[in-house]
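K.L.:
no sequence for this one, just the structure:
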């Protein structure tokens, strides 16, 4: 099985920074894309940022210029550096991956989610 394990998050004052990490582990054949979504109370889950294996990066308009997504291919890990945080960035952040897994000798494309990590921006 392949799992996504997140770390980071926490409580920070407005204008502060947080760094999230997400490591994929298990029977990984290759990674197509990884990214971050977030869900605030009473709102739908939304894409924050994504990075594809070919290097294509997408950001939500609300985080452009403040958040940076990056990856370490050797560690199967994706990072989200969040700067100039605002109270409206408060949410549970979920790691997402489109990953080819090796399952009984068969390569399968799976969509996986992490367990979520809370980021709270408040004074």
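P.N.:
Right, received. Where do you want to start? This one's a predicted model, so the numbers in the text were calculated from it and none came from an experiment. Numbers count the residues shown, from 1 in each chain.
K.L.:
and residue 118, what are its bridge partners?
P.N.:
Beta-bridge partners of residue 118, counted by DSSP bridges, are residue 92.
K.L.:
neighbours of it, how many?
P.N.:
Using other CB atoms under 10 Å, residue 118 has 11 other residues around it. (Each C-beta comes from the backbone N, C-alpha and C, glycine too.)
K.L.:
from residue 18, how far out is it?
P.N.:
Residue 118 sits 10 Å away from residue 18, taking CB to CB, to the nearest Å as the criterion.
K.L.:
surely residue 121 and residue 16 touch.
P.N.:
Yes - here residue 121 lies in contact with residue 16, judged by CB atoms under 8 Å, at a distance of 7.3 Å.
K.L.:
those two: who's more crowded?
P.N.:
In this view residue 121 and residue 16 are compared by other CB under 10 Å, and residue 121 has more residues nearby, 19 against 14.
K.L.:
which residue comes closest to the more buried one once chain neighbours are left out?
P.N.:
Nearest residue to residue 121, sequence neighbours excluded (CB to CB, 6 or more residues apart in numbering): residue 85, at 4.5 Å.
K.L.:
hang on, the earlier thing: for residue 121 and residue 16, list the residues in contact with both.
P.N.:
Any residue near both residue 121 and residue 16 by CB atoms under 8 Å, 6 or more residues apart in numbering counts here, and that gives residue 85.
K.L.:
so what sits against both of residue 118 and residue 18?
P.N.:
Here residue 118 and residue 18 share the contacting residues 9, 10, scored by CB under 8 Å, 6+ apart.
K.L.:
and the host helix or strand of residue 51, what other elements does it pack with?
P.N.:
Assigned by DSSP states H and E, residue 51 belongs to strand 46-52. Contact partners of strand 46-52 among helices and strands, from 3 or more CB pairs under 8 Å, 6 or more residues apart in numbering; DSSP states H and E: strand 28-39, strand 57-59, strand 67-72, strand 77-82.
K.L.:
look up how far residue 36 lies from the closest residue in space to residue 68 that isn't next to it in sequence.
P.N.:
Of all residues not flanking residue 68 in the chain, residue 81 sits nearest, at 4.5 Å (CB to CB, 6+ apart). Distance, residue 81 to residue 36, using CB to CB: 11 Å.
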